[in-house]
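In: whatever this is, show me its structure:
(chains A and B, ligands or ions: 2)
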Amino acid sequence: MKTIFFTGKGGVGKSTLSAAAAWQLAESGKRVLAISFDPAHNLGDIFGRTLGHKVTRFSANLDLRETDLDEAAAEYIRRNTSILTEVYSYTKAFNLDRYFKVLRHSPGVEEYAALTALEDLLRTSDDYDVVVIDTPPTGLTLRILALPRISITWVDRLRRIRRDILDKRHTVHSITGTFSEEGQKLAYEEKDDRVMQKLTELFDRYVAVARHLESDANRVAVVFNPDYLSLRESQRILDGLSDLNLGVNVAFNNKYTQGLSEIADSMERELFDGRDAPPPVHRIPWEPYRREKSYEISYDLTQLFAL
Amino acid sequence: MSEHQPNFLIRLWRSLRAFLRGIDQAQRERVVALTAYEARELENMFVLMLLGSFAGMPSPPSFLAVELLPHLEHEIRVLNRRAESSTDALAEIMGTIDADA
Ligand SMILES: Nc1ncnc2c1ncn2[C@@H]1O[C@H](COP(=O)(O)OP(=O)(O)OP(=O)(O)O)[C@@H](O)[C@H]1O
Ligand SMILES: [Mg+2]
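Out: Ligands and ions are numbered 1, 2, ... in the order given. Model prediction:
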């Protein structure tokens, strides 16, 4: 299973091109899932279907789905609020209400919901040859892609402290034959410690996502237009991705017309000159908008992703 | 007199052994107390690190805390006790995360 992320500034044509790529790849015989992570979905509009969390079969080889990040984040908070209320209801000192209020507005909940959705997607999409992903706005996309690595670093640090704690408990246990405080038996071995188990589970989950993103099975496409408005943001995407050790495999200069060739030339130079491994750039011609089948474009995209 | 001697030696040996055991016992108790104290310190630090994001400290993404909190009852108790007994909670937090270093 390969993934292709379509990134780019708002309005440049991410959804249009990811839909077109998904459609063409499916027609060429690959089993394809097109999924939108953009809270402002328009994959459904492009295919003329109402989409949701459940897969919609569009054609023999093409499935469509939309992930609702807001709903996923809300669900995450609901679920954890009830778990934590159950565990900590006895303690007044641990101010639960305040905690939940912070949680609701804490940065990262949306990213985490997205990460969880992404992880879920990777785990359950083995039946597809290609998963085409329409991404949310740049900032959020970069934060989502960065999250696995950031989390791995933190989980690793926490695991080291946890190991120290268990070592100390182990020492006490081997001298006294027990380790309990206030009548509560505490784990002193990694295999019995639920915190350690959870940390290891999280570690493995994030490593799996990070590995996939950095692997040969992942493609990143960047879309821009021959206008200077999209230049800055495209640069930010390229820089952000390279900070994450992610390369761009293919670039689309979309909505191109002959009259814009000079601008297109100079933009492509500014974007890619001097970068390591600049991607091939494809100029996708401006085509008058059609109400029907706007996922059908004349440019052949099937060979561009080295699938 | 001479037949009392072995008895005396045995008694001396026994009390010496008891004495040494006492030292050993005290020593072990001290090690246990110290190690248990260190474990509590680390538990405290672990939770502070984890919950720091809720107080605006550089810390792991808050969802990591949410994932782990259900299993951290004991550590939260330790933290609460420490917070109650500590006169300068902020200094303690800063000290624990080495922010004043
Ligand atoms: N090659 C093209 N020729 C003409 N119009 C195009 C072309 N590509 C995209 N468009 C039009 O540009 C508009 C924006 O395209 P699209 O919705 O695909 O962009 P997007 O990057 O997904 O935007 P958003 O960030 O809002 O999700 C749409 O009206 C679409 O029909
Ligand atoms: Mg879009």
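In: OK, now which residue of the stretch 101-250 of chain A is nearest to ligand 2?
Out: residue A:134 (5.7 Å; CB to the ion). The C-beta positions use only the backbone N, C-alpha and C, and glycine is treated the same way.
In: just give me the neighbour total for that residue.
Out: 26 (other CB atoms under 10 Å in any protein chain shown).
In: residue A:184 - how many residues pack around it?
Out: Neighbours around residue A:184, by other CB under 10 Å: 10.
In: on the three-state scheme, the closest residue to it other than its chain neighbours is what?
Out: Excluding its sequence neighbours, the residue lying closest to residue A:184 (CB to CB, 6 or more residues apart in numbering or on different chains) is residue B:74, at 6.2 Å. At residue B:74 the chain is in helix, as set by DSSP: H, G, I helix; E, B strand; the rest coil.
In: residue B:74 and residue A:161: what is the separation?
Out: 15 Å (CB to CB, to the nearest Å).
In: mind listing the strands for the stretch 51-200 of chain A?
Out: A:56-59, A:62-66, A:130-134, A:180-181, A:184-185 (DSSP state E, counting those that start in this stretch).
In: thought the residue of the stretch 101-250 of chain A closest to ligand 2 was touching residue A:18?
Out: Yes. Assessed by CB atoms under 8 Å, residue A:134 is found in contact with residue A:18 at 4.5 Å.
In: which residues do those two both contact?
Out: Overlap of the contact sets of residue A:134 and residue A:18 (by CB atoms under 8 Å, 6 or more residues apart in numbering or on different chains) consists of A:6, A:34, A:43.
In: return the closest of the residues you listed with respect to chain B.
Out: residue A:6 (25.5 Å; CB to the nearest CB).
In: quick one: contacts for that closest one?
Out: A:14, A:15, A:17, A:18, A:21, A:132, A:133, A:134, A:135, A:221, A:223.
In: just those: which are in helices?
Out: A:14, A:15, A:17, A:18, A:21 (DSSP state H).
In: ok, and of the residues you listed, which contact ligand 1?
Out: Among the ones in helices among the contacts of residue A:6, proximity to ligand 1 is found for A:14, A:15 (CB under 6 Å from any ligand atom).
In: of the ones in helices among the contacts of residue A:6, closest to chain B?
Out: residue A:14 (26.1 Å).
In: low-confidence ranges in the stretch 1-150 of chain A?
Out: A:89-107 (pLDDT under 70).
In: can you give me the helices in it?
Out: A:14-27, A:43-47, A:69-88, A:96-105, A:109-124, A:138-176 (DSSP state H, counting those that start in this stretch).
In: would you reformat those helices as a markdown table and include mean neighbour count and distance to ligand 2?
Out: Compiled in a markdown table, these are given as follows (neighbours: other CB atoms under 10 Å in any protein chain shown; distance: least, CB to the ion, whole Å):
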| stretch | mean neighbour count | distance to ligand 2 |
| --- | --- | --- |
| helix A:14-27 | 25 | 3 |
| helix A:43-47 | 20 | 7 |
| helix A:69-88 | 15 | 14 |
| helix A:96-105 | 14 | 26 |
| helix A:109-124 | 19 | 15 |
| helix A:138-176 | 19 | 12 |
